[in-house]
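Novice: I need the structure of the sequence given here:
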Amino acid sequence: MEAKQLFIKDIEKEITNNEDELLKDLESCRVLTSGDFSSPEIAWEVRTDESDNYTTIGTKGNFTLVKGKAKSKKSFFINLLISKALGGALLNNKIRCPQQNENSVVVYFDTEQSTYHVQQAVRRVSTHFNGEEPENLRAYGLRAKNVEKRLRLIDHCIKVTPNVSFLVIDGIKDLVTSVNDERESSMIASKLLEWTEKYNLHVIVVLHENPSSDKARGHLGTELVNKAETTIAIECNKRNKDISIVSPYSCRNMSFEPFAFEIDENGIPQVVDDYKASKKVSKKKVNLLDMSDEEKIEILKDAFKGKSELGYNQLVKGIQTVVEQMSIQSKGEKKIKELITNSREQNWLLQETKGQPYKLGFSSVLGHSAGDNISPCTSAPLHR
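Specialist: This is a model prediction of the structure:
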């Protein structure tokens, strides 16, 4: 009996110690108005046309997501950023990294390209430094490594490399086994937030868009857009495929004016002078029923906007609003009603009896975080 009482006391003591630790941990996270928190350092910013004012794009302690279709020259844009972060030319007075100094280290991870193409990317950066590889650049090609090893190598590199202030991961999807795995997506987003805050650095990550929409791929894309300080869209100019447009997609800071870059005769990306973005937003002709299951689910989640249920007419209107914000021609209300019927058959939408309100149908849909809204900078949906 005495041994049993001692065992119970040990358990109670352990519970008390755990609660004390949790209380300390909770208190360390507390934010008070009297706290001494300084503004985050600016990692990179873009100049406003015809002025000397700059708009903050990324700060230390946060990350930027760069998204775009395949072949939109996302990696070339990354080369521009790396060049500037290393202290290269001001890039037509367009981009600058005001907090960088000669001791600041830039780390560049490429998970998609071969070693040869990674080397070519580093050589493009080096052209801004008279052809010499900058001493404060660390470039790594991780394509040959498995998913788990890539993540461990990046984590270790950040820990052991002094003065890292700028980190680039070109191919963030290769740090997960599936872009639609919610647990992995959440883990990667949390890892980015941990690295940026713990080591006071800024991270740039690159992810493809879905083929038939402007959404970043999968649950991973949704999670990263929700957590990113800024999401930037890269797309080829429809009239001139040699020019790519850089536009704000969603941001926590002020928006910036779109600008363009092109690849010169030597294969080097250069900012285009005097580029003027078209103010007209053209709608894409996309049949809702031809979209992927993943995209349909995202539209449903956006239509509910955190509500637990919607009447039929409310649901139709909600989907119509989301589609319009995505700049998609839905071919009228008929297609929206067909989408609802299709979603009901897939159990993405549930209805207790005919005439009753609709509810979202399963946990992966219900897992949408209503508290992570980001104010849009363009015609992107309000709920990302």
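Novice: helices of the stretch 151-300 of the chain, start to end?
Specialist: If DSSP state H, counting those that start in this stretch is used as the criterion, the helices of the stretch 151-300 of the chain fall at 182-198, 218-227, 293-304.
Novice: Ala144: which of those is closest?
Specialist: Smallest distance to Ala144 across these (CB to CB): 20.2 Å, for helix 182-198. (Each C-beta comes from the backbone N, C-alpha and C, glycine too.)
Novice: what mean pLDDT does the helix or strand harbouring Leu23 have?
Specialist: When elements are assigned from DSSP states H and E, Leu23 belongs to helix 2-28. Mean per-residue pLDDT for helix 2-28: 71.
Novice: next helix or strand past it?
Specialist: As assigned by DSSP H and E, the chain's next helix or strand after helix 2-28 is strand 42-47.
Novice: show residues contacting that following strand.
Specialist: Strand 42-47 is touched from outside by 53-60, 62, 81, 84-85, 93-99, 165-166, 201-202, 256-257, 259, with contacts defined as CB atoms under 8 Å, 6 or more residues apart in numbering.
Novice: what about 7 Å?
Specialist: Defining contact as CB atoms under 7 Å, 6 or more residues apart in numbering, one finds that strand 42-47 is touched by 54-60, 81, 84-85, 93-99, 166, 202, 256.
Novice: mark which of the residues you listed are buried, thanks.
Specialist: For those, a neighbour count by 16 or more other CB atoms under 10 Å gives the buried set as 54, 56-60, 81, 84-85, 94-97, 99, 166, 202, 256.
Novice: number of nearby residues for Asn136?
Specialist: Residues lying near Asn136 (other CB atoms under 10 Å) number 19.
Novice: chain neighbours aside, what residue packs nearest to it?
Specialist: In space, and not counting its chain neighbours, Asn136 is closest to Val105: 5.0 Å by CB to CB, 6 or more residues apart in numbering.
Novice: ditto for Met291
Specialist: Ser212 (5.5 Å).
Novice: number of residues surrounding that neighbour?
Specialist: A count of neighbours around Ser212, defined by other CB under 10 Å, yields 15.
Novice: retrieve the pLDDT associated with it.
Specialist: 78.
Novice: oh, and call the first residue 4 from now on, that's how I've got it
Specialist: That works, and once the first residue is 4, the last one we named lands at Ser215.
Novice: Gln122 versus that one, what's the distance?
Specialist: As judged by CB to CB, to the nearest Å, Ser215 and Gln122 stand 34 Å apart.
Novice: repeat that for Gly134.
Specialist: According to CB to CB, Gly134 and Gln122 sit 14 Å apart.
Novice: looking at the two, which one has more neighbours?
Specialist: More neighbours surround Gln122 than the other of Gly134 and Gln122, with 13 against 8 (other CB under 10 Å).
Novice: so how far is the helix or strand containing Ser86 from its chain's centroid?
Specialist: Assigned by DSSP H and E, Ser86 falls within helix 77-88. Its chain's C-alpha centre and that of helix 77-88 lie 16 Å apart, by CA atoms, centre = their mean, to the nearest Å.
Novice: need the contact partners of the helix or strand that it is followed by.
Specialist: Using DSSP H and E, the next helix or strand after helix 77-88 towards the C-terminus is strand 98-99. Outside of strand 98-99, the residues within contact range by CB under 7 Å, 6+ apart are Trp47, Glu48, Val49, Tyr57, Leu83, Lys87, Leu93.
Novice: farthest pair in these?
Specialist: Between any two of those, the greatest separation by CB to CB is 15.9 Å, found for Tyr57 and Leu83.
Novice: can you list the buried residues in stretch 302-314?
Specialist: In stretch 302-314, the ones that count as buried by 16+ other CB under 10 Å are Ile302, Leu303, Lys304, Asp305, Ala306, Phe307, Lys308, Leu313.
Novice: so what's Thr225 up against?
Specialist: Residues near Thr225 by CB under 7 Å, 6+ apart: Glu301.
Novice: measure it to Arg146 for me?
Specialist: Going from Thr225 to Arg146 by CB to CB gives 25 Å.
Novice: phi, psi of Asn133?
Specialist: With angles defined as degrees, to the nearest 10, Asn133 sits at phi 60, psi 30.
Novice: which stretches of the stretch 254-387 of the chain have low pLDDT?
Specialist: Low-confidence segments of the stretch 254-387 of the chain, defined by pLDDT under 70: 277, 279-289, 309, 328-335, 365-387.
Novice: tell me where it has strands.
Specialist: Taking DSSP state E, counting those that start in this stretch as the criterion, the stretch 254-387 of the chain contains strands spanning 262-266, 272-274, 287-288, 331-332, 352-353, 362-363.
Novice: okay, the ones you listed in TSV with distance to Asp296 and mean neighbour count next?
Specialist: Shown next, in TSV, are those (distance: least, CB to CB, whole Å; neighbours: other CB atoms under 10 Å):
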stretch	distance to Asp296	mean neighbour count
strand 262-266	34	20
strand 272-274	36	19
strand 287-288	19	10
strand 331-332	17	18
strand 352-353	13	18
strand 362-363	14	20
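Novice: partner residues bridging the residue nearest to Asn139?
Specialist: Taking DSSP bridges as the rule, Val108 bridges to Val167.
Novice: over to the one 4 residues further on?
Specialist: Beta-bridge partners of Phe112, counted by DSSP bridges, are Tyr143, Ile172.
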